[in-house]
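*Asks:* Whatever this is, show me its structure:
(2 chains, ligands or ions: 1)
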Amino acid sequence: MSKCRIRFEKTGRAKYISHLDLMRTFQHAFIRSGIKIKHTEGFNPHPYISMALPLQLGCESVCEVLDIQIEDNMSPKSVPAKLNPWLPEGIRAISAALPINKVGLLKYVRCSVTIVYDDAKAEERKAAVEELFARESLVIMKKTKRGFGELDLAPNVSEVSVETVSDTELKITALVSAVEPTVNPSNLLDAITQNAPEIAPDFAKYMRLEVYDSSMKPFM
Amino acid sequence: MEQRIERILPKVQKPARYTGGEYGEIMKNKDEVDVRFALCFPDTYEIGMSNLGLRILYGVLNKMDGVWCERVFEPWRDMAEEMRKEGIPLYALESGDPVKDFDIIGFSVGYEMSYLGILDMLDLAGIPLRSADRKELTPIVFAGGTCMYNPEPIADFIDLAVIGEGEEADAEITELYRKAKQEGWSKAQFLNEAAKIQGIYVPSLYDIEYNEDGTIKSINPKGDAPAVVTKRIIENLDESYFPTDTIVPSTEIVHDRTVLELFRGCVRGCRFCQAGYVYRPIRRKKCETLVKQGIEALKNSGYEEISLSSLSTSDYKELTGLCDGLLEWCEPRKVSLSLPSLRADNFSMDLMKKVQKVRKSGLTFAPEAGSQRMRDVINKNVTEEDILNSCRTAFEGGWSSVKLYFMMGLPTETDEDIIAIADLAFKVLNTWKKYATNKARGVKITVSTSCFVPKPMSPFQWEAQDSMEEFLRKQQLLKDNMRSKAISYSWHDSTVSFIEAVLALGDRRLAPVLESVFKRTGGLAAWEEFFSEEAWNESFAENGVDPHFYANREKGKDEILPWSMISAGVKTEHLWEERERSRRAEITPDCRNQCANCGARKLSKEGRCDE
Ligand code: SF4
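*Replies:* Model prediction:
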């Protein structure tokens, strides 16, 4: 029995697969692949899979983390090659190894939000977007378990950069707090629509780029 | 994926059902494809992807060179609204291309209530609803599935219907279309040629004349159309395609498991059952084939459950061997085996116990009627003793919950027959009291009644459905006669069953009604939340159609029925004979005991039934 942490990406059409469905998708894929992994207990056992940080529906990612326990003496390194042919379009294991960090150490996420302006005046709004994320305080209303609550993004979002991708698109990249509080990429859009509605985009696309531990080393 | 679609997906529920991209989906290079086939299912993704027939056709068509078959489902309301608002036409899941640009649009229709789904999908696709308004060869719109034993209610919307099993006929239509496209045929020329293929019904080639009382005077075929279209069957199921390599949805569907089809047809001959008649002759798959295909399908999908599906699973001769063969592979791999539609006999109970080793599922029996007389009328050859014995075995084996299914409104039904349902449920309760090994857990007996809908091609095709008032009265009567709190009673809404009867027994004069209802309510009519009795009533009235003419009127022996140009291979005389026997409460032995000469065996080349 060996612990195994898989880094995988979820891109393209696959970004619409919900967290629960993704778990099921991996369970089926592991069975298809023939990789023997530990099952859950109980009357109705399933392959045991755990994901450190659920990804928001509609968000792409190139840095997802998934933990399993391999039952035979297969090396974790060989998992991606054995698993990838059995995964649906857009989901691909990038690497796998023995976990280094405890799951609780996952602290930061680097993500990007690409905002789209149909009127092709993205460049004109760049400065305003930059100004917004430079504010001392950037409070948004956020859905919580108990209804709506306020969250100040300023202390939880750093290293913000804004880049012009095309006439219609600006790409905001930022480092956000992953847990306590959880800042989702879509909260960056909330910051714009709630605090600067005049520059609210027509559409936004999200991507997780990297996950880090508390000392800013990639979470492995 | 198209930008416009991406923009609406975040706004709708369960977007994964609109994206495609699942494991096992078939993608083709458009340059190598000359026929694009949109396989449409007029209900949601979750229901459609659970349909074995759809998966079979998807595989068969994609095996054809130069043909790319893609899937299309009816979007849920939120999605349909967003699509209409943004002007996004219905698209196929694989390529994302608009359905209106496809060559062939084939609907699989298994339930009358999904007719509105056809209109919804055509409308969303931007395709004219009526066949007559689609002048060009492309696209050809057709329908297949169990409902097509009476295709008349949708006759004006489709260009043709495939009667019977579609594996071969769909491929033949596709080939003929390819030829037509290459040679530049007109639509009329194509349809005339298509009508020469066995099992193909082209509604526009039949003129219907009516009598003054509204009944049909004559059905007049034109051109090369045959007077009677006989259904298609696949003769050898062992050799025919079965999808062991199939799509595994990335989102939860209704039946998220591998499904095996043991045989087609049914030896039983229950007189209310359309499926039991239209799927004749009986053809079964060999046990080895099934074990092999089941294991292969499980391996390829990663599913953790396999279920055996057929009309009456326990009639499969080698069922024990099949279960053993599958369990041998499944048990060590923690894959569970489920057996729906078991009959209430001891043999099944042994099996239940075996299956239970892996997973315990609810126990259901379908006596269909409460009194022995009524069960004889419908030819449901099961006795009270059978039912109670099975319940006893179940209770002794530790089961504590039983569901009993009955039908209400069966021909010749009296109040005594209704009360007999309550009596039977009470006897089941007493059986529990006497034999249950674990009484501490209590017992739950659920009685559920549906409303009988007379179906074409069954011996009850001439019968009248009970009026809604009568159904309500009978439901109340049964409720009043239930004698214990341990027995709960639930019933189906008779309004939906009434509409179902109208659509099952209706003719092509219903086309404008369907259009009106669609305008009022949109698609997804099989879903309770979107069903509107008012919309149906208004639409019948608006179009001067009397729905009771179809549903609540008993038809005469010699009346030309709307589906008289269709044959499922069973002789009408046989159906009538069965109807007469039902009136005398006379049972007919099942096919295994004695062939009743229904005529269906003539459909197979060897002229026999593999009962
Ligand atoms: S031909 Fe005979 S055995 Fe075959 S389905 Fe008809 S009645 Fe049954």
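*Asks:* C-alpha only now, for contacts and for neighbours.
*Replies:* Fine.
*Asks:* shouldn't B:Asp610 be in contact with B:Arg284?
*Replies:* Yes - B:Asp610 lies in contact with B:Arg284 (C-alpha atoms under 8 Å); the separation is 6.5 Å.
*Asks:* When those two are compared, which one has more neighbours?
*Replies:* Legend: neighbour count by other C-alpha atoms under 10 Å in any protein chain shown for B:Asp610 and B:Arg284, higher for B:Arg284 (22 against 16).
*Asks:* Phi and psi next, for the more buried one.
*Replies:* phi -120, psi 160 (degrees, to the nearest 10).
*Asks:* what's residue 52 in contact with, if anything?
*Replies:* By default, I'm working from chain A. A:65-67, A:103 (C-alpha atoms under 8 Å, 6 or more residues apart in numbering or on different chains).
*Asks:* not what I meant, chain B
*Replies:* Per C-alpha under 8 Å, 6+ apart, neighbours of B:Leu52: B:Val259.
*Asks:* next structured bit after the lengthiest helix in chain A?
*Replies:* Taking DSSP state H as the criterion, chain A has its longest helix at helix A:19-33. Remark: after helix A:19-33, the chain's next helix or strand is strand A:50-51, criterion DSSP states H and E.
*Asks:* so where do the helices sit in chain A?
*Replies:* Counting by DSSP H, the helices of chain A are A:19-33, A:79-83, A:122-133, A:185-195.
*Asks:* by contact count, what packs against the first one?
*Replies:* Using 3 or more C-alpha pairs under 8 Å, 6 or more residues apart in numbering or on different chains; DSSP states H and E as the contact criterion, the elements in contact with helix A:19-33 are helix A:79-83, helix B:287-301.
*Asks:* now do the second one
*Replies:* Contacts of helix A:79-83 with other secondary structure elements, assessed using 3+ C-alpha pairs under 8 Å, 6+ apart, are made with helix A:19-33, strand A:91-97.
*Asks:* What are the contacting residues of the longest one?
*Replies:* This points to helix A:19-33. A:36-37, A:46-49, A:54-57, A:82-83, A:85-87, B:250-252, B:299-303.
*Asks:* Can you say which of the residues you listed are buried?
*Replies:* Buried members of the contacts of helix A:19-33, counted by 16 or more other C-alpha atoms under 10 Å in any protein chain shown: A:36-37, A:46-49, A:55-57, A:83, A:86-87, B:250-252, B:299-303.
*Asks:* Figure out which of the helices of chain A is closest to B:Thr449.
*Replies:* helix A:19-33 (34.9 Å; C-alpha to C-alpha).
*Asks:* Restricting the selection to alpha carbons, write that closest one to CSV.
*Replies:* The C-alpha trace of helix A:19-33 is given here as CSV (Å, rounded to 0.1, in the frame of the first residue of the first chain):
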residue,chain,number,x,y,z
HIS,A,19,-16.9,18.3,-7.9
LEU,A,20,-19.1,15.3,-7.0
ASP,A,21,-19.3,14.2,-10.6
LEU,A,22,-15.5,14.5,-10.9
MET,A,23,-15.1,12.2,-8.0
ARG,A,24,-17.3,9.6,-9.7
THR,A,25,-15.5,10.2,-13.0
PHE,A,26,-12.2,9.4,-11.4
GLN,A,27,-13.6,6.3,-9.6
HIS,A,28,-14.7,4.9,-12.9
ALA,A,29,-11.5,5.8,-14.6
PHE,A,30,-9.4,4.1,-11.9
ILE,A,31,-11.4,0.9,-12.3
ARG,A,32,-11.0,1.1,-16.1
SER,A,33,-7.3,1.6,-15.8
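*Asks:* give me every residue that touches A:Leu53.
*Replies:* Per C-alpha under 8 Å, 6+ apart, neighbours of A:Leu53: A:64-65.
*Asks:* List the beta-bridge partners for A:Leu66.
*Replies:* A:Ile6, A:Met51 (DSSP bridges).
*Asks:* can you check B:Arg284 too?
*Replies:* Beta-bridge partners, per DSSP bridges, of B:Arg284: B:Phe263.
*Asks:* which residues touch it?
*Replies:* Here B:Arg284 is in contact with B:237, B:262-264, B:316, B:610-611 (C-alpha under 8 Å, 6+ apart).
*Asks:* just B:Leu514 next, same as before
*Replies:* B:115-116, B:539.
*Asks:* Redo the helices and strands packed on helix A:79-83 as CSV? Include distance to B:Val447, mean pLDDT and mean neighbour count.
*Replies:* Formatted as CSV, these follow (distance: least, C-alpha to C-alpha, whole Å; pLDDT from 0 to 100; neighbours: other C-alpha atoms under 10 Å in any protein chain shown):
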stretch, distance to B:Val447, mean pLDDT, mean neighbour count
helix A:19-33, 34, 95, 20
strand A:91-97, 46, 96, 20
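*Asks:* Now do the same for the residue of the stretch 151-300 of chain B found nearest chain A: helix, strand or coil?
*Replies:* Among the residues of the stretch 151-300 of chain B, B:Thr251 lies closest to chain A, at 5.2 Å counting by C-alpha to the nearest C-alpha. Put simply, B:Thr251 is coil when judged by DSSP: H, G, I helix; E, B strand; the rest coil.
*Asks:* Let's see the pLDDT reported for it.
*Replies:* On the pLDDT scale, B:Thr251 is placed at 93.
*Asks:* show me what contacts the closest residue to chain A within the stretch 251-400 of chain B?
*Replies:* Closest contact between the stretch 251-400 of chain B and chain A, by C-alpha to the nearest C-alpha, is at B:Gly302 (4.4 Å). Contacts for B:Gly302 (C-alpha under 8 Å, 6+ apart) come out as A:27-32.
*Asks:* How many residues are close by the nearest residue to B:Val109 once chain neighbours are set aside?
*Replies:* Sequence neighbours aside, B:Gly145 is the residue nearest to B:Val109 in space, at 4.8 Å (criterion: C-alpha to C-alpha, 6 or more residues apart in numbering or on different chains). Neighbourhood size, B:Gly145 [other C-alpha under 10 Å]: 20.
*Asks:* Equivalent analysis for the one 3 residues further on, please.
*Replies:* Using other C-alpha under 10 Å, B:Met148 is surrounded by 27 other residues.
*Asks:* Phi, psi for it please.
*Replies:* Torsion angles, degrees, to the nearest 10, at B:Met148: phi -80, psi 0.
*Asks:* Surely B:Ile5 is in contact with B:Ile88?
*Replies:* Yes - counting by C-alpha under 8 Å, B:Ile5 does reach B:Ile88; the two are 7.4 Å apart.
*Asks:* List the contacts of stretch A:37-48.
*Replies:* Contacts of stretch A:37-48 (C-alpha under 8 Å, 6+ apart): A:27, A:30-31, A:68-72, B:334, B:359.
*Asks:* hang on, I meant stretch B:152-160
*Replies:* With C-alpha under 8 Å, 6+ apart as the criterion, stretch B:152-160 contacts B:115, B:129-132, B:140-143, B:191, B:200-204, B:503, B:506-511, B:562-563.
*Asks:* CA atoms of that stretch as PDB?
*Replies:* Output of stretch B:152-160 as PDB, limited to C-alpha atoms (Å, rounded to 0.1, in the frame of the first residue of the first chain):
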ATOM      1  CA  GLU B 152     -50.100   8.800 -36.500                       C
ATOM      2  CA  PRO B 153     -50.300  11.500 -33.900                       C
ATOM      3  CA  ILE B 154     -46.900  12.800 -35.100                       C
ATOM      4  CA  ALA B 155     -47.400  11.800 -38.800                       C
ATOM      5  CA  ASP B 156     -47.400  15.400 -40.000                       C
ATOM      6  CA  PHE B 157     -44.100  16.200 -38.300                       C
ATOM      7  CA  ILE B 158     -41.900  13.400 -39.400                       C
ATOM      8  CA  ASP B 159     -40.800  12.400 -42.900                       C
ATOM      9  CA  LEU B 160     -40.800   8.800 -42.100                       C
END
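*Asks:* Great, nothing more from me.
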